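# Below are the sequence and a predicted model; questions follow.
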Amino acid sequence: MGKAQLIDYLQGELAISHSAIALALRHGEQDAGQLPLVLWQYGLVTLEQLNLIFDWLQAQQI
């Protein structure tokens, strides 16, 4: 699963703004694996959205 797919999911399904994702990427040192947690730490996604992201990531690994 690539970073582009995760970003597409965040923008398409959860309506996370491009600027929020860009901020999280800068603070997450470009590591897509940390992106969901950084978004949550900065208050850019809710805990419910974070759980949805983790569920989606897990489904992608099947």
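Perfect, thanks for sending it. Numbers count the residues shown, from 1 in each chain.
# Okay, now the unreliable bits of this structure?
By pLDDT under 70, the weakly predicted segments of the chain are 1, 28-32, 62.
# buried set for the longest helix out of those in the chain?
Criterion DSSP state H: the longest helix present in the chain is helix 47-60. Buried residues in helix 47-60, defined by neighbour count with 16 or more other Cβ atoms under 10 Å: Gln49, Leu50, Leu52, Ile53, Trp56, Leu57. In short, each C-beta sits where N, CA and C put it, glycine included.
# Work out which residue lies at the spatial centre of this protein.
Pro36 (3.8 Å; Cα atoms, centre = their mean).
# any idea which helix or strand carries that residue?
Assigned by DSSP states H and E, Pro36 belongs to helix 35-41.
# I would like the residues contacting that helix, please.
Applying Cβ atoms under 8 Å, 6 or more residues apart in numbering, the contact partners of helix 35-41 are 3, 6, 10, 16, 20-21, 24-25, 27-28, 45-47, 49-50, 53-54, 57.
# before we move on, what about stretch 14-34?
Here stretch 14-34 makes contact (Cβ under 8 Å, 6+ apart) with 2-3, 6-7, 10-11, 35, 37-39, 42, 44-45, 49, 52-53.
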